[in-house]
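In: Just the structure for this:
(one chain, ligands or ions: 1)
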Amino acid sequence: MPAYAVLGAQWGDEGKGKIIDVLARDADIVARFSGGNNAGHTVVNDEGVFSFHLIPCGVFWPQTLNVIGNGVVLDPDVFLEEVDGLKEQGHDVSDRLLVSERAHIVMPYHVVLDELTEKARGSDAIGTTGKGIGPTYADKAARTGIRAADLLDVEALLPRLENIVNHTNKIITAVYDGTPVSMTDIFDKCRDWSERLGPFIAPVERIVYEYLEAGRNVLLEGAQGALLDLDHGTYPFVTSSNPTIGGACVGLGIHPNYISNIIGVFKAYSTRVGSGPFPTELTDETGERIRNLAQEFGVTTGRARRVGWFDAVAAKFSTQVNGYTSAVLTRLDVLDGFDSIMVCTAYELDGERTEEFPGGVAALERCKPILEEMKGWTSPTAGATDFSKLPKEAVAYVQRIQELIGCPIDVISTGPHRDEVIRVREVIGV
Ligand code: IMP
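Out: As a prediction, this is how the structure comes out:
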C-alpha cells in the first residue's frame, strides 16, 4: 500500500508545501489531485524560496515524477509560466512533469465569471481567489468543461467550444452586464496551449497505477484544507473541490486500498482567508502579533489571513472526515515567546456546550469558543530538530493537541526551511 496522502487539516495554508518537499525525499511520484492555482505552496531549500500554484512540491528531489491529476483544474498559462520560471532559475523539470489528459482547463471566461459572480454576491461574497476555480468545476459538473485531452485536437474541439463560448457570453452579458469574451482570442490560446502544454499531457492515472502496482511510493499532495471542502467544509464559504481523502482517490483515479497513511497537516494555530465563520478568530492585538510574526499573507492573493487559536473542535471534525493515521504540526515556532496560548476544546452554542462541529453555517457563526489556557514557553523552538530538546511547555502543547485530535503528531515543523523539522516517526515507506 504505497500511497501516502498529505492533506490540509484546517482552512488551507497549513504549510503543506514545505512538508511535501520534506517528505518527497522518500517518494517516487508526487501528485496533485484537487484544486488549481488558487493554491499557493511555498518551498524553502538551499536553492532558494519557491512559490508553486500548480507544480507539485516534489520537483526538487530529482528521483520524483511530478503529476497533476484529473481532479485538478489547470490554467495552462500559469502552469507554463511556473515551468519556465523554474527553468530560468536553473531547474528544468519538464521531463519529470505530467498533466492528466482528464484534467479540466481553466479557460479565460472562467476567470471572468469568477469575478462577475463574486461581485454579484455583494455582501455574501465568498472571497474567492479570483482564479476561475469555481466556474471551471461548475462547467465540469455541467459537462461543458474543456479537458487537457481536448487541447490535443483543437480542430475537433472547435464546434463544441463555439457553443460553450456563445452560451457563456450570453450569461456574461445578459446576467452580469459584462463584456463578452472573444472566441477568436480563446481559440488562438487553445492552439498555443496545444503546442506548449501538449508535451506534458499524459495518461497520468495509468502511470500512477503502474507505480502503485510496482510498490513505489506515491505522495498525494493536498491543496486547500478539509474545512474548505465543497461537501464537508463551511459551505458556501468553501472551495469547489474535495481536498479531503475521497477527493484524493477520485482526483487521481486510485482506490483507497492503496493508501497506507493519511497525514493531516495542522498549523499550531488557525488561519482562514476569505469570508465565512471562524469561531476562534482573534481580531485583537494577539491576532495581529501572530499575523505579523508568521507573515500570514496569502501566497496567491497577498490578502492578510485571518488568525485565531487552534480549534480542536474543527480539528476533530477534520480527523473524522479524513481518518488521519498521522499528523504534522507546523509553525510551532510562531508561538515562541507567548506568555500563554489558548486552545479551543469546545463551543458554546445557544447557551449549551458542544464538541460537535455544526454542519450549518448559521449555527457555526453563533458558536463561541471555550478556551483552555496553556502556559507558553520562553526559550525558542525555532529551528529545532530534536523533540527531546523542546521546552517542556512546548512539549505539553504538542501533546495536548495530539490528545485532542486523536492521532500521533509524527512530524513538527519549526521554521520555513526544509531542515527545520523534527521527525518524531517516519511516515513514508513504513
Ligand atoms: P476559490 O477556491 O478561489 O473559489 O475560493 C474559495 C474559498 O477558498 C475562499 O475563501 C478562498 O480564500 C479559499 N481558498 C482557496 N484556495 C485556498 C488556499 O490555497 N488556501 C487558503 N484558502 C484558500
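In: How is residue 173 assigned, secondary-structure-wise?
Out: helix (DSSP: H, G, I helix; E, B strand; the rest coil).
In: Could you report the neighbour count for it?
Out: Around residue 173 there are 12 other residues, counting by other CB atoms under 10 Å. To be clear about C-beta, it is placed using only N, CA and C from the backbone, and glycine gets the same treatment.
In: One more: the one 10 residues further on?
Out: The local packing of residue 183 (other CB under 10 Å) involves 15 other residues.
In: if you skip the residues just before and after it, what's nearest to it?
Out: Distances taken as CB to CB, 6 or more residues apart in numbering put residue 165 closest to residue 183, at 4.8 Å, once the chain neighbours are dropped.
In: show me what contacts that neighbour?
Out: 109, 181, 183, 186 (CB atoms under 8 Å, 6 or more residues apart in numbering).
In: among those residues, which two are most distant?
Out: 109 and 183 (10.1 Å; CB to CB).
In: Please name every helix or strand in contact with the host helix or strand of residue 77.
Out: Remark: residue 77 resides in helix 76-88, with elements defined by DSSP states H and E. Judged by 3 or more CB pairs under 8 Å, 6 or more residues apart in numbering; DSSP states H and E, helix 76-88 is in contact with helix 183-197.
In: For the helix or strand following the helix it packs on, what is the distance to the chain centroid?
Out: Toward the C-terminal end, the helix or strand that comes next after helix 183-197 (DSSP H and E) is strand 201-202. Centre-to-centre, strand 201-202 and its host chain are 23 Å apart (CA atoms, centre = their mean, to the nearest Å).
In: Sheet partners, orientation included, of strand 201-202?
Out: strand 97-100 (parallel) (DSSP bridges).
In: picking that back up, list the buried residues of the helix holding residue 77.
Out: Of all the residues in helix 76-88, those buried under the rule 16 or more other CB atoms under 10 Å are 76, 77, 78, 79, 80, 82, 83, 86.
In: So what touches stretch 286-303?
Out: 13, 37-42, 51, 53, 127, 129-131, 269, 271, 273-274, 281-282, 304-308, 331, 334-335.
In: Just the mean pLDDT for that stretch, thanks.
Out: Mean pLDDT, computed over stretch 286-303, is 91.
In: circling back: kindly write the PyMOL command that selects the buried subset of the contacts of stretch 286-303.
Out: Here is the PyMOL command that selects the buried residues among the contacts of stretch 286-303 (16+ other CB under 10 Å):
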select buried, resi 13+37+38+39+40+41+42+53+127+129+131+269+271+273+274+281+282+305+306+307+308+331+334+335
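In: Spatially nearest residue to the closest residue to the ligand within the chain, not counting backbone neighbours?
Out: The chain approaches the ligand most closely through residue 274 (2.3 Å), counting by CB to the nearest ligand atom. Nearest residue to residue 274, sequence neighbours excluded (CB to CB, 6+ apart): residue 127, at 2.9 Å.
In: what does residue 275 give?
Out: If the residues on either side of it in the chain are set aside, residue 275 comes closest to residue 127, at 4.4 Å by CB to CB, 6+ apart.
In: quick check: angle from the longest helix seen in the chain to helix 183-197?
Out: Counting by DSSP state H, the longest helix found in the chain is helix 154-170. Computed by axes from the mean of the first three to the mean of the last three CA atoms, to 10 degrees, the angle separating helix 154-170 from helix 183-197 equals 140 degrees.
In: If you count neighbours, what's buried in helix 154-170?
Out: Those would be 154, 157, 161, 164, 165, 168, 169, for helix 154-170 by 16+ other CB under 10 Å.
In: could I get the residues you listed as a markdown table with distance to residue 221?
Out: Formatted as a markdown table, those follow (distance: CB to CB, whole Å):
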| residue | distance to residue 221 |
| --- | --- |
| 154 | 30 |
| 157 | 29 |
| 161 | 30 |
| 164 | 30 |
| 165 | 33 |
| 168 | 31 |
| 169 | 36 |
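In: for the ligand, what are the nearby residues on the stretch 251-400 of the chain?
Out: With CB under 6 Å from any ligand atom as the criterion, the stretch 251-400 of the chain meets the ligand at residues 273, 274.
In: Could I get the full set of strands for the stretch 251-400 of the chain?
Out: 259-267, 270-272, 306-308, 310-311, 326-330, 340-349, 352-354, 368-375 (DSSP state E, counting those that start in this stretch).
In: Which stretch among those strands is buried most, on average?
Out: When you average the neighbours per residue for each of the strands of the stretch 251-400 of the chain (mean count of other CB atoms under 10 Å), strand 310-311 leads with a mean of 28.
In: In its sheet, which strands sit next to that strand, and in what direction?
Out: Checking strand 310-311 against DSSP bridges gives partners strand 340-349 (parallel).
In: Run the angle between the strand it pairs with and strand 368-375 for me.
Out: 160 degrees.
In: For the protein, which segments are assigned as helices?
Out: According to DSSP H, the helices that the chain contains are 16-23, 76-88, 108-121, 133-142, 154-170, 183-197, 204-213, 245-250, 285-294, 312-322, 361-366, 392-405.
In: Which among these is found nearest to residue 8?
Out: Shortest separation from residue 8 across the helices of the chain is recorded for helix 16-23, at 5.7 Å, computed as CB to CB.
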